[in-house]
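[1] sequence first, predicted model second:
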Amino acid sequence: MKVSTNRARYHLIALSVLPFLGALAVDLGLFLALRDRLPHSLATHFDGNGAADGYSGRGAYVGVNIGLAAGLAVVWAAVAATADFTRRGARWTVHAGYATAGLTGYLMAAALFANLDAPDGSGVRLPWWQLAVALAVAALAAGAGALLLRRVDLPPPAPSEGPGAVARLDLADGELAGWARLAPSRALCAAGLALLVAGGALTYVYGWGRAAAPLVCGVLILACSCPYVIVDRHGLTARPTPLPWPRVRIPLADVDRAVSREVKALAEYGGWGYRVRPGRSGLILRSGEAIVVRRSGGREFAVTVSDSATAAALLNTLAEREGARG
């Protein structure tokens, strides 16, 4: 049965939160069932060889479990609320969420079983192969999420709105103007935070060595989740971070025309970030409003940003002025 777009969105959010609540319920259920066989001081942190090198009480184990699951659930609810509302976008959201829940849930349960019947946590070990099992559980969880996603009736992809209207901004002779705006991506911010949370969970269990990759990736994604876009006498400048470098600059002499239109990150560019496709490239942080510049050689460059209509109109006007002077 067909459902409204809003109702389908709510279903996607609920489906994205479900694995974290399920993992929490399993871990807390195991804790209650095994509590009498656990030492008062649990080994909860392990070095690269699997030997315990950090400990916490039973209450701390429960608190970390609840905080981790609640934090990840909030992050994935935000991702689901802002992600591309297409089959591919929803699939990415659900697969990543279920895999993360499977990975973190298994590691918390594995740490619990490693402490079983130990007089104290000092002699407890969590061998490295447990991480391989955790990755297998994450893959199975992602598959379960894919099956559940089939029950969410997502809307078909929206048709393209065409090339967009070429507009110009009225400026008096000699009048100067510039335009600048931050273009944050809530989905990338949420993804970066999720990686940091997952890295924190791996740090809690295995230490910094095995958590370095998600932590570094989380920091990099957060750093690149708020690009800066400028239109001025230099042309169009797009920077993936508020810092001056790196940047993409299209000078006014290279601008054939600029338009404001809706773009689809997955359908048109194959994903998020700096994308290169046949005949086009772009700094694509989300689906939605973007300024699209056709260069004099025929290639297009797009950057997703709000108020792109003003930016496109100003860029067209400045490019015409530059052409007249040339």
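    Happy to help now that I have it.
[2] which parts of the chain are helices?
    Taking DSSP state H as the criterion, the chain carries its helices at 5-34, 58-82, 87-114, 129-149, 186-206, 208-223, 265-269, 308-325.
[3] to Gly121, which of the ones you listed lies closest?
    Within these, the stretch nearest Gly121 is helix 87-114; the backing value is 9.0 Å (Cβ to Cβ). C-beta here means a position set from N, CA and C on the backbone, and glycine is covered the same way.
[4] which elements pack onto the closest one?
    On a contact count with 3 or more Cβ pairs under 8 Å, 6 or more residues apart in numbering; DSSP states H and E, helix 87-114 meets helix 5-34, strand 41-46, helix 58-82, helix 129-149, helix 186-206, helix 265-269.
[5] mean pLDDT lowest where, among those?
    Among the helices and strands packed on helix 87-114, helix 186-206 carries the lowest mean pLDDT, at a mean of 73.
[6] hey, C-alpha coordinates of that one in PDB?
    Only the C-alpha atoms of helix 186-206 are listed here, as PDB (Å, rounded to 0.1, in the frame of the first residue of the first chain):
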ATOM      1  CA  ARG A 186      23.700  17.800   8.300                       C
ATOM      2  CA  ALA A 187      24.000  14.300   7.000                       C
ATOM      3  CA  LEU A 188      27.800  14.500   6.900                       C
ATOM      4  CA  CYS A 189      28.000  16.100  10.300                       C
ATOM      5  CA  ALA A 190      25.900  13.200  11.600                       C
ATOM      6  CA  ALA A 191      28.100  10.700   9.800                       C
ATOM      7  CA  GLY A 192      31.200  12.200  11.200                       C
ATOM      8  CA  LEU A 193      29.800  12.200  14.700                       C
ATOM      9  CA  ALA A 194      28.700   8.600  14.300                       C
ATOM     10  CA  LEU A 195      32.300   7.600  13.300                       C
ATOM     11  CA  LEU A 196      33.600   9.400  16.400                       C
ATOM     12  CA  VAL A 197      31.200   7.500  18.600                       C
ATOM     13  CA  ALA A 198      32.000   4.200  17.000                       C
ATOM     14  CA  GLY A 199      35.700   5.000  17.400                       C
ATOM     15  CA  GLY A 200      35.100   5.800  21.000                       C
ATOM     16  CA  ALA A 201      33.500   2.400  21.500                       C
ATOM     17  CA  LEU A 202      36.400   0.700  19.900                       C
ATOM     18  CA  THR A 203      38.800   2.700  22.100                       C
ATOM     19  CA  TYR A 204      36.800   1.600  25.100                       C
ATOM     20  CA  VAL A 205      37.200  -2.000  24.200                       C
ATOM     21  CA  TYR A 206      40.500  -2.300  22.200                       C
END
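[7] follow-up on the earlier one: rebuild the helices and strands packed on helix 87-114 as CSV, extending it with mean neighbour count and distance to Leu236.
    Converted to CSV, the helices and strands packed on helix 87-114 look like this (neighbours: other Cβ atoms under 10 Å; distance: least, Cβ to Cβ, whole Å):
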stretch, mean neighbour count, distance to Leu236
helix 5-34, 17, 33
strand 41-46, 22, 49
helix 58-82, 19, 25
helix 129-149, 16, 38
helix 186-206, 21, 21
helix 265-269, 20, 17
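[8] including distance to Gly121, could the ones you listed go into CSV?
    Converted to CSV, these look like this (distance: least, Cβ to Cβ, whole Å):
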stretch, distance to Gly121
helix 5-34, 14
strand 41-46, 3
helix 58-82, 11
helix 129-149, 16
helix 186-206, 13
helix 265-269, 46
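[9] of all those, which one is nearest Val94?
    helix 129-149 (4.3 Å).
[10] wait, what's in contact with the closest residue to Ala69 other than its chain neighbours?
    Of all residues not flanking Ala69 in the chain, Leu24 sits nearest, at 3.7 Å (Cβ to Cβ, 6 or more residues apart in numbering). By Cβ atoms under 8 Å, 6 or more residues apart in numbering, Leu24 lies in contact with 65-66, 69-70, 105.
[11] same deal with Ala138?
    Taking Cβ under 8 Å, 6+ apart as the test, what Ala138 contacts is 98-100, 102-103, 106.
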